[in-house]
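J.: predicted model and sequence follow; I will ask about them next.
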Amino acid sequence: MPIFNNNHAILECRRTPWDEKIFNFPCAEITNFQVESEAAGIEVLFQFEQWAEIEQLKFAYGRFQPTRLVKQLVHHAGFYFAEASYRLRHYKLKNTQAFDKLIRSGPSLEKAKESDYEALRTIMADDFKHGRIHEDPWVDSKASSHRNRNWLNDLVAQLNEIYVYRLKDEIIGLHIQRSENQKVCLVLTGVKSSHALLGVSLWAEVLKLNRLRSVCELYTIISIANIPIINLYRLFEFQFEELLVGFHKRWDQPSTTT
């Protein structure tokens, strides 16, 4: 993973082969950009630009803290605003028993089998319309959906826990999470749009699943444009910790500066 730094700024980035499968050109993500002064930030962004030229990048993205300096620097480096998200956490799972009453009888949360994967891919492609790629105004919506469909393969390969939310014989939703000691990252959770009213029940099941495992903390990132999901996390008393702004860059578009 390339790292560009000096005494007052650091930028870390990586190639994103999961994007390249869809777009058919080199892509990258800036995974960390911290800056204390304008000159330092300009220097590491210039180093990133040199690396991008060597790698022949056509598309890059990153989520950053919404400081005036960061926004100014990435804008002048040719990035455009694409989306924004909240980082959320829940520290008090042991106090969530009251939410068990929201679990509906009928649907069940089960470990996914390989035979379930195609149904999950379809839900991810057809029913999930938020996120940094879907909300980019310059990315075709069909490509964004195709990226979501392919994402499941990577999540399985990375050994995430994959669950289906099943109603009778129909898969109506999914939940994917990753455990890190006593903390759990909620990677992706949701139901088909046709069963949206069962979303509350699914999230209540997820809380119960992790409470019974004595998990200490849940955390996730959600799009601020997804108002129904924001309201769900508020209902379940997640803490809104941080706002992140998503900026993207396309090298086939003219930069705002030289």
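T.: Happy to help now that I have it. Numbering: from 1, shown residues only.
J.: going by C-alpha atoms from here, please, whenever you check contacts or count neighbours.
T.: Noted.
J.: how many neighbours does residue 157 have?
T.: 8 (other CA atoms under 10 Å).
J.: repeat that for residue 41.
T.: 24.
J.: find me the pLDDT at it, would you?
T.: pLDDT recorded at residue 41 is 98.
J.: in the helix or strand where it lies, what counts as buried?
T.: Using DSSP states H and E, residue 41 maps to helix 38-55. Going by neighbour count (16 or more other CA atoms under 10 Å), the buried part of helix 38-55 is 40-45, 47-48, 52.
J.: all strands of the stretch 101-250 of the chain, in order?
T.: Secondary structure of the stretch 101-250 of the chain (DSSP state E, counting those that start in this stretch): strands at 108-111, 161-167, 170-180, 183-191, 217-223, 239-250.
J.: of all those, which one is nearest residue 129?
T.: Among the strands of the stretch 101-250 of the chain, the nearest to residue 129 by CA to CA is strand 217-223 (10.1 Å).
J.: please name the residues that touch the residue nearest to residue 121 when sequence neighbours are not counted.
T.: With CA to CA, 6 or more residues apart in numbering as the criterion, residue 121 has its nearest non-adjacent residue at 4.7 Å, and that residue is residue 149. Residue 149 makes contacts with 121-122, 124-125, as judged by CA atoms under 8 Å, 6 or more residues apart in numbering.
J.: repeat that with 6 Å
T.: 121, 124-125 (CA atoms under 6 Å, 6 or more residues apart in numbering).
J.: now do residue 83
T.: So residue 83 contacts 132, 246 (CA under 6 Å, 6+ apart).
J.: bridge partners for it, pull those for me.
T.: For residue 83, the beta-bridge partners are residue 246 (DSSP bridges).
J.: thinking again about what came up before, so for residue 79, which of the strands of the stretch 101-250 of the chain sits nearest?
T.: The nearest among the strands of the stretch 101-250 of the chain, by CA to CA, is strand 239-250 at 4.5 Å.
J.: residue nearest the centroid of this protein?
T.: The centroid of the chain falls nearest to residue 221 when counting by CA atoms, centre = their mean (5.8 Å).
J.: measure that residue to residue 108 for me?
T.: 25 Å (CA to CA, to the nearest Å).
J.: cool, residue 62 as well?
T.: 36 Å.
J.: which phi and psi does residue 74 have?
T.: Main-chain dihedrals, residue 74, degrees, to the nearest 10: phi -70, psi -30.
J.: what's the burial count for it?
T.: Neighbours of residue 74 (other CA under 10 Å): 21.
J.: and if you look at residue 137?
T.: 11.
J.: domain parsing of this protein, as residue ranges.
T.: Split into domains by automatic domain parsing, the chain comes to 3-77, 88-242.
J.: for residue 102, what are its contacts?
T.: Counted by CA under 6 Å, 6+ apart, residue 102 has contacts residue 201.
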